[in-house]
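Q: Below are the sequence and a predicted model for it; my questions follow.
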Amino acid sequence: MIRLASRIAGLARLAVRDVRPAATIALACAAASTGVVIPALRSLDDGAGHGRMSASVFTDAHVLGGVLGAMLGAHLLRRAGSARRLATAALIASTAITLGMAAVDSLELRVALRFFDGGCHLLAITALVGAATAGDAAERARRAVIMGGTIVLGLAGGLGVGGAFHRVAAALAMASVLSAAALIIVQLRVTAEPLPPAPPRPARDRRPGAPGLLAPGLLAFCERFSFGSMTIAMPWLAAPGRVGLVLGVFLTASVAALIAAWRYAPTLGPRRLAVRSSLGFTLALAAAAAIDLSGSPAVAALWAVAAGATSGALYAAALVLALPSAELADRARGMATVHAAGSAGHALGALSAGLLEFVLPGMLVIAVPGVALIVVAAVGVWLTVPQAATDCPVIGALDAGARPPVADPTAPP
């Protein structure tokens, strides 16, 4: 165990090389502003009789707004002229909208505002990730994993803080503080890097990445579907403190696995990494049926470690497959695809949990649809992603420096 922890720490030190601290901290604050609301979602009902559907609709509004924001991210980034400018505008809007949600009592109005907040939130994340993932293929992969891990850790930190809030209004007020903190960091420390003019693409490359982004989109959709169902089902199965603990452990374990999976991806190849991660996540979700969140905290935390580790490996495969290009607009498009697919999966997972509560008991709400979708993802990736690491520009470049050049026997001495 000590050796494993030491290896993970070494990989983490390697991963953070050349990171841009200001953008990373701002991204963590933006992600935490979402997580801080989740443990208090149960208070949305307030005796009105809506049950989990009130939390499902509220969550779906945010992530569906995120789908729209992610889809528009690359276009609006180009229109804004710099990632800093787009992040600033999105964070100002998100802070104001979140304060508005904290001030009103109407569920319908909160749902409407939550939709617009989701769009602004994903625009800010798209801009920050796009700005922080410059460089050659190996650097893009490393920085993409850093940004992915930052989002997960920020969300986990928000969940930990949110466990102290039992009313959604107070949690929303805290979310606005975190968004404002991200805005201040962007203003003080993130430099404005103007986008270079987009080079003309060859006719055969005029529509980049549609087939290439299918696999990472599918992985992100299915992985976020399961997490979305967790955020709705768990608040009704345990107290807010226990929910924050389990989801926080899940997300923290996923970061450790994210770093390890990124590092060892060249050995496995993208397809094998994704399929094996899918198998592990399937087994973890199936085991959820036997978990009682209100029982032993050690058992619940152990399950969260297993589920989070396999989920993180799955997310790593999606991230590296989404960044085949060095151009900022293409990096934004790849990350926007992952975010849009993940947001759509989160929304449908939350809706699924709200509906399945009437027919499935306990954690089966999470296990049954999650297992079915992850199996579909594994099959889809196996059919669409090439096995050879060299066929994936990002993963193939990760260990390019470690391989000695191969001599050409036909070359003259």
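A: Looks like it came in fine.

Q: May I have the phi/psi pair for the residue nearest to Gly163 when sequence neighbours are not counted?
A: Closest residue to Gly163 apart from its sequence neighbours, by Cβ to Cβ, 6 or more residues apart in numbering: Gly244 at 3.1 Å. C-betas here are computed from N, CA, C, even on glycine. Main-chain dihedrals, Gly244, degrees, to the nearest 10: phi -60, psi -40.

Q: Please tell me how far Gly244 sits from Ile259.
A: For Gly244, the distance to Ile259 (Cβ to Cβ, to the nearest Å) stands at 23 Å.

Q: and if you look at Val104?
A: Here the distance between Val104 and Ile259 works out to 41 Å (Cβ to Cβ).

Q: what about the two, which has more around it?
A: Comparing Val104 with Ile259 by other Cβ atoms under 10 Å, the one with more neighbours is Ile259, at 25 against 14.

Q: which SSE is that one in?
A: In this assignment (DSSP states H and E), Ile259 forms part of helix 240-268.

Q: And the following helix or strand past that helix, what's buried?
A: Scanning forward in sequence from helix 240-268 by DSSP H and E, the next helix or strand is helix 270-287. Neighbour-count burial for helix 270-287 flags 270-278, 280-282, 284-285 (criterion: 16 or more other Cβ atoms under 10 Å).

Q: what's the very next helix or strand once past helix 270-287 packed up against?
A: Once the chain leaves helix 270-287, the next helix or strand it forms, by DSSP H and E, is helix 297-321. The contact analysis (3 or more Cβ pairs under 8 Å, 6 or more residues apart in numbering; DSSP states H and E) places helix 297-321 against helix 137-162, helix 214-233, helix 240-268, helix 270-287, helix 393-398.

Q: next structured bit after helix 297-321?
A: Following helix 297-321 toward the C-terminus (DSSP H and E): helix 328-356.

Q: so how many other residues sit close to Leu383?
A: That count, for Leu383 with other Cβ under 10 Å as the rule, works out to 9.

Q: Looks to me like it is in a helix.
A: Yes: counting by DSSP: H, G, I helix; E, B strand; the rest coil, one finds Leu383 located in a helix.

Q: For Leu218, see how far away it is.
A: 10 Å.

Q: cool, Gly342 as well?
A: Gly342 sits at a distance of 11 Å from Leu218 (criterion: Cβ to Cβ).

Q: Same drill for these two, tell me which one is more crowded.
A: Comparing Gly342 with Leu218 by neighbour count (other Cβ under 10 Å), the higher total belongs to Gly342, at 29 against 23.

Q: and Val36, what is it in contact with?
A: Taking Cβ atoms under 8 Å, 6 or more residues apart in numbering, we find Val36 in contact with 158-159, 161-162, 165, 171, 174-175, 178.

Q: Out of those residues, the closest to Thr98 would be?
A: Comparing the contacts of Val36 against Thr98 with Cβ to Cβ places Ala175 closest, at 5.0 Å.

Q: and the closest one, what pLDDT?
A: Looking at Ala175, its pLDDT reads 94.

Q: same check, this time on the one 5 residues further on
A: At Ala180 the predicted local distance difference test score is 95.

Q: same check, this time on Pro197
A: According to the prediction, Pro197 has pLDDT 51.

Q: average model confidence for stretch 371-388?
A: Stretch 371-388 shows a mean pLDDT of 77.

Q: For that stretch, give me every contacting residue.
A: By Cβ under 8 Å, 6+ apart, the list of residues contacting stretch 371-388 from outside reads 211, 214-215, 218-219, 221-223, 225-226, 269-272, 274-275, 278-279, 281-282, 285-286, 317, 321, 392, 396.

Q: Try it again at 7 Å.
A: Applying Cβ atoms under 7 Å, 6 or more residues apart in numbering, the contact partners of stretch 371-388 are 214-215, 218-219, 222, 225, 269-272, 274-275, 278-279, 281-282, 285-286.
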